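In: Got a sequence here, can you model it:
(2 chains)
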Amino acid sequence: NAGVMQNPRHLVRRRGQEARLRCSPMKGHSHVYWYRQLPEEGLKFMVYLQKENIIDESGMPKERFSAEFPKEGPSILRIQQVVRGDSAAYFCASSPPGQGKTTEQFFGPGTRLTVL
Amino acid sequence: AQSVTQLDSHVSVSEGTPVLLRCNYSSSYSPSLFWYVQHPNKGLQLLLKYTSAATLVKGINGFEAEFKKSETSFHLTKPSAHMSDAAEYFCVVSVGEYGNKLVFGAGTILRVKS
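Out: Model (predicted):
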């Protein structure tokens, strides 16, 4: 059973460009989470999605960031008009449904975004 | 609001000696707590989780943690450090309406000396 897959592993963008980060959850997992890790900091929750639904986006910046998890295909975290402050490691996690607050989230290897 | 505080940003031990990574939590009710480990340029791996079934939780690779309500602590320990334990460790609490949002501590970098 393959783990959570993220691609690309490294992404370089110039200011003003768009960044698209992809996440394929583990087989059988219908819940996806995105976290951001800024340099020298712990991970910060961004968004929690189920298939075709955003459940909790309380950690998403109000502008330029969006996320989706379509019925078919990977979850996408999209950052429009990137700025230098968006440089970070973005981690995706997935979990199976129905276990509430004790659910283990399985993390992918992350995408390291560098904005020049 | 629920949160966790990791009391040490760096811990250095010699190989074969005990490891203690400290974490205090803040919660108005019984929390769900986790310890994750992150090796350099890798994703995070769950070491163990507390779900109120038992206060002493055993995890992978010889790690364990004890939930102490009176001290609001969830410290991670291991009797004997191995070189491969060198990594960053995160104490985590789950919060939110659905209990699925993880709040991470700032992390503790463990260095193991030979």
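In: was I right about A:Arg13 contacting A:Ala19?
Out: Yes: with contacts counted by CB atoms under 8 Å, A:Arg13 reaches A:Ala19, the gap being 5.1 Å. Using the backbone N, CA and C atoms, a C-beta is placed for each residue, glycine as well.
In: hey, what's in contact with both of these two?
Out: A:Val82, A:Leu113 (CB atoms under 8 Å, 6 or more residues apart in numbering or on different chains).
In: and A:Val12, how many neighbours?
Out: 13 (other CB atoms under 10 Å in any protein chain shown).
In: circling back to that earlier point, counting neighbours, go ahead and name the busier of A:Arg13 and A:Ala19.
Out: The neighbour comparison of A:Arg13 against A:Ala19 (other CB under 10 Å) goes to A:Ala19, with 22 against 19.
In: Provide a list of residues in contact with that one.
Out: Here A:Ala19 is in contact with A:Leu11, A:Arg13, A:Arg78, A:Ile79, A:Val82, A:Asp86, A:Leu113 (CB under 8 Å, 6+ apart).
In: Which PyMOL command selects the buried ones in those residues?
Out: Filtering these down to the buried ones (16 or more other CB atoms under 10 Å in any protein chain shown) takes a single PyMOL command:
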select buried, chain A and resi 11+13+79+82+86+113
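In: Which ones among the contacts of A:Ala19 lie within strands?
Out: A:Leu11, A:Arg13, A:Arg78, A:Ile79, A:Leu113 (DSSP state E).
In: Would you mind listing what in chain A touches chain B?
Out: Within chain A, the residues that sit near chain B (CB under 8 Å from any CB of the partner chain) are A:3-4, A:31, A:33, A:35, A:41-45, A:48, A:55-56, A:58-59, A:91, A:93, A:95, A:100-110.
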